[in-house]
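A.B. asks: Got a predicted structure plus its sequence, pasted below:
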Amino acid sequence: MSALFAAGEFPEFVLLYGAIGFAALFVALVLWWLTVRVIPNDKVGVVEKLWSPKGSVTDGRIIALHEEAGYQATLLRGGLHFGYWRWQYRVHIAPLVTVPQGQIGYVYARDGSPLPPSQTLGRVVECNNFQDAHAFLVRSGEEAEHGQRGRQRAILREGVYAINPAAFVVMTENRAYTVPHLLDAQESTVVKTWHDQLTKCAGFHPVVIGGSSKSGETEVHDDVIGVVTTHDGPSLPPGEIIAPAVGTEPDGASYHNNYQDPEAFLAAAGRRGRQYAPLTDGTYFINRWFATVELVNKTVVPIGHVGVVVSYVGKAGRDVSGTSFRHGERVQDGERGVWERPLGPGKYPFNVYAGQVILVPTTNFVLHWITGKTEAHKFDEGLRSIDLVTRDAYEPLLPLSVVVHIDYQRAPSVIQRFGDVKKLITQTIDPMLSAFFRDVAHKKTMLQLLHERDQIQNEARTELRTRFREFDIECVDVLIGKPVASEKDTKIEQLLEQLRLRQLSIEQLETYERQRAAADKLRTLNEAQAQAAVQVQLTNAKADVQIAESRGEAELARARKQSEQMVVTAEAELARSRRQAEQTVLTAEALSKEKVLAGRGEGQKALQIGLAEAAVVLRKVAAYGDPRLYAAALLADRLADSTQPLVPERMFVSGANSDTGAVASGPLGVLLTLLLGERTGLGSFADPQDAAELKAECDKLAREAGGALVAK
C-alpha cells in the first residue's frame, strides 16, 4: 500500500469508499442543518411553522394551538432540537425575560379571547406566570377560563422567565421583550407609549409609603398615604363619588391585600374609581394598569385644635342636632354629613376625596380689626380698622382686638352653622362688632371716646359675651386701641395736639411745684450740711456763751453785793449825820434865839438831811459804776410802782428809724439801746454824738433826782 501511495496510484475501491464517505458526510451535514436546531441556554426559540397540511390559524388568532401554520405556542428551550425542517419551520432566537430585583414586569397578551366592553385588563389565568402559552389560551376547553388578549392584571415579580414573545410582550424598566420585526409600526408605538407612561409614574417599582430617605431608585415617602384609583371592575352607582371599602378583612376569602390581588378585589364586588380605603405605611406591588396611587399628606390635627369631619360618602344618617337646630344635620361617625364627634390632636390616614377635616382652634386666639395686621392663623386676614362717626362729627378709625375661644365639644355645631371658622368671623362677628362700636361712637364725643375707653371696653366685653354665646363661641376679652385719624382727616390730630398742650401745662405746673419743694428740701439739706460742717464751732461757741454768761452772772452778783454794802454804809452814815444834825440843832436851840435860830436850825437840818441823802445817792451811783445803770434801775423801780400800764392800749409812734426799726426818740429809747448793746456785747452806738447825748441825759436825770431830794 505504501508503495502504491508512494507511486501515486490509488485502487479503484479506495476512491469509491472515499466518495461514499464524503457523500455520507455531506448528506449528514445537510440533514443536520435541515432538521437540528441549537438553542443557547440563555435564550428561547420561538417556532414559526411556515406551512402545514392543517392550514393556518383561524378565528383571528395569532398562536397556532393545533399544529396549524403560524407561531407555535410551544417554546424551544436551550439545547438541541430535532425535526424542525427548515423548509417548514423557522425558529426565532429571543432572550429570556428578566425582571430585576425589586421591580415589576407588565404583560401584554397578543392572543386570547377578546375583552368585553366593561373590562379593561385581561383576567388572571393559571399559566405559570405566562410561561405556558397553551394553558393561557386553552384551559380545560372552557371558553370562560381562557386568557384574554390585551394588558393583563397579573404582573411579574423579580426573576427570569421563559415566556413566548410571540404570544406575550413583556415590559420591564429596561426594555420590552418581543420578537424582532414581529410588531408592526402601530403596535410598536402603542407599546412604547405604555412603557413611557409606566416609567413616568414609577410603575416598574413598588409603592413605598413611609420612611425618610431614598433607597436606590425607589422613592420613599414619609407622613403620606396613598389614595387608590382602580381602573377595572363595575362602575360606581349614580350619585356616588367614592367606591366603598371591600375585602379589607385579612381573614376573609376576598381579601385583596391592599389592591395587590386584582381578582380578589373584583371578586369582593370592588368597583372601579377612587377607593375609600387608602394605603398606609408599607411596600405594595400594585399593577399600575389596574390601580394608580396618588400620594397625599396625612391629615394632621395639631395640639390646640380639633378636626370636624364633613363626610361626602356613607349612608344617610339620623340628625342628632335636634329639631330646634335648623342649620343642617349632624350625624354619627361613618355617615354622610357633619360628624358629631370631632377628631382630637393627632395624625389620621383620612381620604381627602371622601370628606374634609376642618380644623377648629380650641385655644384662645386673637382677631385683629387693625388694618395691615394679621395673625398666623389668617382668620383676620380680611379685617380692617372700624370706621366710626362720633357725636361731634369726628371720623376716627378704631383699632380693635378680640380674644375668642371655641369649646371643642361645640366645634361641630360651629362648622354646621357657618361652614368654617373664617366664615364665622367674616359673616357674623365682623358685622356684629362693627355695628356695636358704631352705635357706641354715635353717642360719644371724640374726647369721651378717648377718655372713657376703659368704660366702653368693659361694656363691650359684657355685651359681646352675651351675643357670642348665641353662636356657640365665647368672647374672652375685648381690647380697644387708640382711635386714629384717616389719611385725609386732620381734625383729630389737632384735637389731640390741644389735649397734649393741656396735659403738658398741667404737668409743667406739677413739675414747678415739685421743683419748689425740691428747692426747699435742698435748702434744708444745705443748712443741715452747713450746720453739720460748723457743728464743732457752734458747740464751742455755745460753751463760750455759757461761760461768759456764768462769769457775767458772777460779776453781777458780786457788784450787787458791793452796791448793797455801799448802800448800807451810806445809810449808816446818813443816820449818823442825822443824829449829829439833831444834836447840833438841839444845841443851837439851847444857846439862843428862839424863832430865828429855830427857823435857821430847821433849814440847816433840812439841808444836812438833803446833803446826806445826796451823798447816799452818789454812793449808790458809784456802787453801780455807771450813772446810766443807776438811772435805769431807778426808772425800773418807778415803772414797777406806777399804776399806769407799761404798754398803752393805743400807741402812736413817730420818729422811728425805718432802716433799723429801733425807737430813736427820747432818752429812754437811747438808754435801752445802749444798755442792751453794751450788756450783751452785740454792739454799741456807732455815732459818738448819740453816746454823748445819752450820757448828758443820764447826768441830767441824776441831777434832777439829786435836786428833788435836796428840795425835799
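C.D. replies: Everything's here; your move. Keep in mind that what you see is a predicted model, and the values were worked out from it rather than measured.
A.B. asks: Check the gap between the residue nearest to residue 277 when sequence neighbours are not counted and residue 522 for me.
C.D. replies: Spatial nearest neighbour of residue 277, excluding adjacent residues (C-beta to C-beta, 6 or more residues apart in numbering): residue 245 at 3.9 Å. C-beta coordinates here come from the backbone N, C-alpha and C atoms, glycine included. Noted for residue 245: a distance of 90 Å to residue 522, by C-beta to C-beta, to the nearest Å.
A.B. asks: sec struct for residue 94, please.
C.D. replies: Three-state assignment for residue 94 (DSSP: H, G, I helix; E, B strand; the rest coil): strand.
A.B. asks: actually residue 251, sorry about that
C.D. replies: Per three-state DSSP, residue 251 ends up coil.
A.B. asks: What pLDDT is listed against it?
C.D. replies: Per-residue pLDDT puts residue 251 at 83.
A.B. asks: quick one: it and residue 74, what's the gap?
C.D. replies: Taking C-beta to C-beta, one finds residue 251 at 41 Å from residue 74.
A.B. asks: if you count what's nearby, which of those two comes out ahead?
C.D. replies: Neighbours were counted for residue 251 and for residue 74 using other C-beta atoms under 10 Å; residue 74 has more, 15 against 5.
A.B. asks: How about that one: what's its closest non-neighbour residue?
C.D. replies: The spatially closest residue to residue 74, leaving aside those adjacent along the chain, is residue 47, at 6.5 Å (C-beta to C-beta, 6+ apart).
A.B. asks: do the same with residue 264
C.D. replies: Of all residues not flanking residue 264 in the chain, residue 256 sits nearest, at 4.0 Å (C-beta to C-beta, 6+ apart).
A.B. asks: before we move on, the earlier item: A helix includes the residue nearest to residue 74, no?
C.D. replies: No: read with three-state DSSP, residue 47 is strand and lies in no helix.
A.B. asks: Verify the stated contact: it with residue 93.
C.D. replies: No: with contact defined as C-beta atoms under 8 Å, residue 47 does not reach residue 93; the gap is 11.2 Å.
A.B. asks: Of these two, give the one with the bigger neighbour count.
C.D. replies: Set residue 47 next to residue 93 and count neighbours by other C-beta under 10 Å: residue 47 wins out with 21 against 15.
A.B. asks: can you pull the contacts of the more buried one?
C.D. replies: Neighbour list for residue 47: 71-72, 74-76, 84, 89-91 [criterion: C-beta atoms under 8 Å, 6 or more residues apart in numbering].
A.B. asks: Tell me which of those residues fall in helices.
C.D. replies: Among the contacts of residue 47, no member falls in helices (DSSP state H).
A.B. asks: got the domain boundaries for this structure?
C.D. replies: Domain segmentation of the chain under automatic domain parsing yields 2-35, 37-200, 364-489, 626-641+658-712.
A.B. asks: Can I get those in a markdown table including distance to residue 304?
C.D. replies: Formatted as a markdown table, the domains of the chain follow (distance: least, C-beta to C-beta, whole Å):
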| stretch | distance to residue 304 |
| --- | --- |
| domain 2-35 | 85 |
| domain 37-200 | 41 |
| domain 364-489 | 9 |
| domain 626-641+658-712 | 87 |
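A.B. asks: what comes into contact with stretch 475-488?
C.D. replies: 364, 370, 385, 387-388, 395-405, 446, 449-450, 453, 456-457, 460-461, 464-465, 467-468, 491-493.
A.B. asks: who touches the closest residue in space to residue 156 that isn't next to it in sequence in this structure?
C.D. replies: Nearest non-adjacent residue to residue 156, counting by C-beta to C-beta, 6+ apart: residue 105, 3.4 Å away. Neighbouring residues of residue 105 by C-beta under 8 Å, 6+ apart: 97, 99, 155-157, 161, 170-172, 204.
A.B. asks: Look up how far residue 442 lies from residue 105.
C.D. replies: 79 Å.
A.B. asks: wouldn't residue 88 be in contact with residue 50 here?
C.D. replies: Yes: counting by C-beta under 8 Å, residue 88 touches residue 50, with 5.6 Å between them.
A.B. asks: before we move on, back to that, I'd like to know which of the domains of the chain lies nearest to residue 347.
C.D. replies: Residue 347 sits nearest to domain 364-489 of all those, at 17.9 Å, using C-beta to C-beta.
A.B. asks: tell me how far that closest one is from the chain's mean position?
C.D. replies: Centroid displacement of domain 364-489 relative to its chain, using C-alpha atoms, centre = their mean, to the nearest Å, is 20 Å.
A.B. asks: residue ranges for the strands of the stretch 1-150 of the chain, please.
C.D. replies: Secondary structure of the stretch 1-150 of the chain (DSSP state E, counting those that start in this stretch): strands located at 37-39, 43-49, 63-64, 70-76, 79-81, 89-95, 97-99, 105-109, 150-156.
A.B. asks: Just the CA trace of the fourth one, in PDB.
C.D. replies: Taking C-alpha atoms only, strand 70-76 is exported to PDB below (Å, rounded to 0.1, in the frame of the first residue of the first chain):
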ATOM      1  CA  GLY A  70     -48.000  30.200  12.200                       C
ATOM      2  CA  TYR A  71     -46.300  30.900  15.500                       C
ATOM      3  CA  GLN A  72     -46.500  27.900  17.800                       C
ATOM      4  CA  ALA A  73     -47.400  28.000  21.400                       C
ATOM      5  CA  THR A  74     -44.500  25.700  22.400                       C
ATOM      6  CA  LEU A  75     -41.100  27.300  23.000                       C
ATOM      7  CA  LEU A  76     -37.800  25.700  22.400                       C
END
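A.B. asks: Assumed residue 310 was part of a helix.
C.D. replies: No: under three-state DSSP, residue 310 falls outside any helix and is assigned strand.
A.B. asks: got the strands of the stretch 1-150 of the chain as CSV, with mean pLDDT and distance to residue 291 columns?
C.D. replies: Converted to CSV, the strands of the stretch 1-150 of the chain look like this (pLDDT from 0 to 100; distance: least, C-beta to C-beta, whole Å):
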stretch, mean pLDDT, distance to residue 291
strand 37-39, 83, 38
strand 43-49, 89, 31
strand 63-64, 86, 29
strand 70-76, 88, 31
strand 79-81, 82, 41
strand 89-95, 89, 30
strand 97-99, 95, 19
strand 105-109, 96, 13
strand 150-156, 95, 10
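A.B. asks: can those go into a markdown table with extra columns for distance to residue 433?
C.D. replies: Below are those laid out as a markdown table (distance: least, C-beta to C-beta, whole Å):
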| stretch | distance to residue 433 |
| --- | --- |
| strand 37-39 | 88 |
| strand 43-49 | 81 |
| strand 63-64 | 80 |
| strand 70-76 | 82 |
| strand 79-81 | 91 |
| strand 89-95 | 77 |
| strand 97-99 | 67 |
| strand 105-109 | 62 |
| strand 150-156 | 61 |
